[in-house]
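S.K.: Sequence below, structure please.
(chains A and B)
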Amino acid sequence: DARVTQTPRHKVTEMGQEVTMRCQPILGHNTVFWYRQTMMQGLELLAYFRNRAPLDDSGMPKDRFSAEMPDATLATLKIQPSEPRDSAVYFCASGLTSGSNYGYTFGSGTRLTVV
Amino acid sequence: QQQVKQSPQSLIVQKGGISIINCAYENTAFDYFPWYQQFPGKGPALLIAIRPDVSEKKEGRFTISFNKSAKQFSLHIMDSQPGDSATYFCAARFPGTYKYIFGTGTRLKVLA
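M.R.: Predicted coordinates:
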């Protein structure tokens, strides 16, 4: 089965450190999403790309978060500097969007703990 | 107006029973409504989805019922099995985008 690969699976870091999370979308998928999941807020969309172009990053704190797609096989989400309130599970999802309705395939997530 | 309200928060069902999870929305422009299933330590996985011009969609033991006038939709799991124990999320798509807003989730436990 094709799958979305996220690394690392777990990350513990100290407040103020830079954190980089990586995602390898499914080959051929043209849309990539970053979600954050917490008990309090549930699943929140942070940003998404289509054909590697950023379409929406309105859900992302701009001062410390950044998302990029250096190429079609890699998406990154960076937090600098990290804060304890950033502790969450971060999911990447990819899908093929071409005007029809498609669901997305989620990765298994990166569990981030900022202490 | 952009919210999707999901209930119940948790649900316990006996094996073989019917599990019903409900979602309500306010934005009538939402144009696609999927349900996702999430197991611990995994990402959500698409289960079934429906467009607002369809009142019901069935896939195996899973059925979505959609009531456009009431702005509600629900997931029915027939003959629930212990393997169905997971968290279920409804979602709605913003029109003309690829963005979804998710419900808060329902933790389902099916007793053997």
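
S.K.: Who are the contact partners of the nearest residue to A:Arg85 once chain neighbours are set aside?
M.R.: With CB to CB, 6 or more residues apart in numbering or on different chains as the criterion, A:Arg85 has its nearest non-adjacent residue at 7.8 Å, and that residue is A:Val114. Glycine gets a C-beta too; all of them are placed from N, C-alpha and C. Contacts for A:Val114 (CB atoms under 8 Å, 6 or more residues apart in numbering or on different chains) come out as A:12-15, A:17, A:19, A:82-87.

S.K.: Tell me how far A:Val114 lies from chain B.
M.R.: Note on A:Val114: its distance to chain B, by CB to the nearest CB, to the nearest Å, is 20 Å.

S.K.: Need the contacts of A:Val114 in TSV (columns: neighbour count).
M.R.: Shown next, in TSV, are these (neighbours: other CB atoms under 10 Å in any protein chain shown):
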residue	neighbour count
A:Val12	11
A:Thr13	17
A:Glu14	10
A:Met15	12
A:Gln17	13
A:Val19	20
A:Ser82	23
A:Glu83	12
A:Pro84	10
A:Arg85	10
A:Asp86	20
A:Ser87	16
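
S.K.: Which pair of the residues you listed spans the longest distance?
M.R.: Maximum pairwise distance in the contacts of A:Val114, criterion CB to CB, is 15.2 Å, between A:Val12 and A:Arg85.

S.K.: quick one: B:Ile64 from B:Thr28, how far?
M.R.: Counting by CB to CB, to the nearest Å, the gap from B:Ile64 to B:Thr28 is 18 Å.

S.K.: who has more neighbours, the two?
M.R.: It is B:Ile64, of B:Ile64 and B:Thr28, that has more neighbours when counted by other CB atoms under 10 Å in any protein chain shown, with 23 against 11.

S.K.: For stretch B:35-51, give the mean pLDDT please.
M.R.: What stretch B:35-51 shows for mean pLDDT is 94.

S.K.: Between the two ends of it, how far is it?
M.R.: For stretch B:35-51, the first and last residues are 12 Å from each other (CA to CA, to the nearest Å).

S.K.: which residues of chain A score low on pLDDT?
M.R.: Scanning chain A with the threshold set as pLDDT under 70 gives A:98-102.

S.K.: So which of the contacts of A:Val114 are in strands?
M.R.: When the contacts of A:Val114 are checked against strands (DSSP state E), the matches are A:12-13, A:19.

S.K.: Among those, which ones lie close to chain B?
M.R.: Among these, proximity to chain B is found for none (CB under 8 Å from any CB of the partner chain).

S.K.: Can you get me a residue count around B:Cys31?
M.R.: Heads up, residue B:31 is Asp, not Cys. As a burial measure, B:Asp31 scores 16 neighbours (other CB under 10 Å).

S.K.: For chain A, see how far away it is.
M.R.: According to CB to the nearest CB, B:Asp31 stands 8 Å off from chain A.

S.K.: Just the pLDDT for that residue.
M.R.: Note on B:Asp31: pLDDT of 90.

S.K.: Check B:Thr87 too.
M.R.: B:Thr87 carries a pLDDT value of 97.
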